[in-house]
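Trainee: sharing a sequence plus its predicted fold:
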Amino acid sequence: MEAFYPMGIARFDWGIWAVIFFFVFLAGLIVYCRREDKREGYPLISDPNDKYGAPRLVSGTIPRVPKPKTFLLRDGRTIQVPRQEKVEWDRNYKLEAQPTAPWPGSPLEPIGNPMKAAIGPGAYAKREDKPELTWHNKQKIVPMRIATEYYVVEDDPDLRGAPVVGLCGGQGGRVRDIWVDRSECRIMYYEVEISPHTSGKDSVLLPQCFARETRRMDGVWEIRVNSITAEQFRDVPRLSNPDQITPQEEDMVCAYYGAGTLYAVPGRTEPFLP
């Protein structure tokens, strides 16, 4: 006795259609994710060595860059991404470097002062040029003279007034203040007052991650910096406001010390790092 099925059901392979639906959905998801991740960093900038000569915007990628989407920030402002101002910044940015070889993708060699060329370990991105805020609308990263609710515990050394020594062994300055992150409750920067023997003036910031706090044999605490020399403290990027820092300024300050890991002294560009 044969089983009875409604017309068409017996020949409908649900398994095959489930597999087809899965792969169609997966392909659509991949295309959607690739479009969304192009809201930052796109359009691409071509290599200056390619057959087109000068760097140009590459817009023919697949899938194409999505249309701008508006995002509401926590402070009430709105931004659209992709951001046109970042595209213009990338388009008009003058690279202070030249290729070391004629083929595409060749390494770049800085032109002029390599510490300010913004390439390699000294590169930085275009970021927001307004100070970050905490959940309570206070400035996020500030010196302790502003964040008076913070203090150095008795078990730790208070490094305010401690000398700051560069990789050459010379003193680049003294710690004037300590900058803290109110959101994470940790030290972010040391504010260094430039020494009189250097040609700089005022004060600069030293990222805590580039500082090594040591205690000398005579019991005096000092901060050693292995990325730059004492004289190079004079060229650390300055802040527009001495009591606050923006994400853009953070990137520029950290990039300067990062550049020093490769360009502070000529020997560091060789295979053996001094």
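Mentor: Great, that's in hand.

Trainee: element containing the residue nearest to Ser195 when sequence neighbours are not counted?
Mentor: Using C-beta to C-beta, 6 or more residues apart in numbering and skipping residues adjacent in sequence, the residue nearest Ser195 is Gly173, 4.8 Å away. (C-beta placed from N, C-alpha, C; glycine too.) Assessed by DSSP states H and E, Gly173 sits inside strand 171-181.

Trainee: can you list the strands that that strand pairs with?
Mentor: strand 141-143 (antiparallel), strand 163-165 (antiparallel), strand 186-194 (antiparallel) (DSSP bridges).

Trainee: how far out from the middle of the chain is it?
Mentor: Put simply, strand 171-181 sits 21 Å off its chain's centre (C-alpha atoms, centre = their mean, to the nearest Å).

Trainee: so what's the residue nearest to Ser195 up against?
Mentor: For Gly173, the contact set (C-beta atoms under 8 Å, 6 or more residues apart in numbering) comprises Pro163, Val164, Val192, Glu193, Ile194, Ser195, Thr198, Ser203, Val204, Phe233.

Trainee: what do you get if the cut-off is 10 Å, keeping everything else the same?
Mentor: For Gly173, the contact set (C-beta atoms under 10 Å, 6 or more residues apart in numbering) comprises 163-166, 190-198, 200, 203-204, 206, 223, 230, 233-234, 236.

Trainee: tell me the secondary structure at Arg234.
Mentor: helix (DSSP: H, G, I helix; E, B strand; the rest coil).

Trainee: surely it touches Val204?
Mentor: Yes. Contact criterion C-beta atoms under 10 Å: Arg234 and Val204 qualify, at 8.1 Å.
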